[in-house]
Each structure stands twice: as structure tokens, then as C-alpha cells.
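> A predicted structure for the sequence below; I have some questions about it.
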Amino acid sequence: MRKMGAAAKMMLISAAAQKWNIAEKDCKAENHFIVNTLNNDKLFYGDLVALASELEVPNQTKIELKKVADFKYIGKTLKSVDLKEFTTGTATYGIDIRIPNMQFAAVAGCPVAFGSVKSFKKIRQHKFRVFHRL
């Protein structure tokens, strides 16, 4: 996994260097961006994916792994603000919330992949207190 991540990072750096027409050594990866160290311009990883996907995957012998001392999250204790609620089953999810005058919607579709609806049963509106058609 580390090698794949490092290879992807190298490809993103190469793509940014090509885009800026600078050397790869003048680029660095930082917080989801490739940074141009010459002028501090930044490119978001997502904006480089198309260009990076056209590049050759680096040879395994050229892949440079991040030093363990430079890990930001791996091996660190991170505080979880809602771990107790999740593990005890007391967490409140969006589906658990009810607010005044809340309306519900259901989208019905064909239960078969790539199928189409042949017919449907129209529900009479008077059975519902409030019924909106979308």
C-alpha cells in the first residue's frame, strides 16, 4: 500500500511539473495539493488525476517511501469524538432525526439491473395527509 501511494504521489508531482513546465524537484506534495516551491502555486490532486493517469507508473526501484518519522497519522493516537456512541449503539444518524413538518420521499425503480418499468399501480392521493408529486 505504501508503494502504491508513493507511486501515485510521484505521478501527481510529475503531472504538476509538466503543467508548470518546471523540474519535479521543484514540486512537493502537501495536504492534498502539489506545491510549486518556486512560487508557492498549488494544484489540487483531483485537478491532476487526468494528466497523471496518462503517465507511466514509476519503476519500483525508483519509488521513494516516506520516512516513518514523517508519518502524520499512522502510528499516532487520534482522539475520536464519537467512538463511545458508535460502539454502544447510541449514536444518532441522519435517518434518526425527525423535525416538525418533515416530509419523506421514496424513489421507486426497477428492481432488475438495466431493466425498465412495464407498469405501476397509481396510489390515490386521498390516503395521505400531504402528498407532493416531484
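Good, I have the coordinates. Just so it is clear, the model here is predicted, and its values are computed rather than measured.
> the bottom helix or strand of this structure by mean pLDDT?
Across the helices and strands of the chain, mean pLDDT, DSSP states H and E gives its lowest value to helix 83-88, namely a mean of 92.
> Please enumerate residues in contact with that helix?
With contact meaning C-beta atoms under 8 Å, 6 or more residues apart in numbering, helix 83-88 is reached by 90-92. (Glycine included, C-beta is placed from N, CA and C.)
> run the last query once more with 6 Å
A91 (C-beta atoms under 6 Å, 6 or more residues apart in numbering).
> Helix or strand: which one has the residue most central in space within the chain?
Centroid-nearest residue in the chain, with C-alpha atoms, centre = their mean: G46, separated by 9.8 Å. G46 is located in helix 45-53, with elements delineated by DSSP states H and E.
> which other helices and strands contact that helix?
Counting contacts by 3 or more C-beta pairs under 6 Å, 6 or more residues apart in numbering; DSSP states H and E, helix 45-53 packs against helix 2-20.
> Please list the outside residues in contact with the helix it packs on.
Applying C-beta under 6 Å, 6+ apart, the set of residues contacting helix 2-20 is 24, 27, 29, 34, 36, 43, 45, 48, 51-52, 55, 57-58, 63, 65.
> Work out the gap between stretch 4-11 and the centre of the chain.
17 Å (C-alpha atoms, centre = their mean, to the nearest Å).
> Could you tell me which of the contacts of helix 2-20 are located in helices?
Those of the contacts of helix 2-20 mapping onto helices are 45, 48, 51-52, per DSSP state H.
> between those, which is closest to F120?
Lowest distance from F120 to the ones in helices among the contacts of helix 2-20 (C-beta to C-beta) belongs to Y45, with 44.2 Å.
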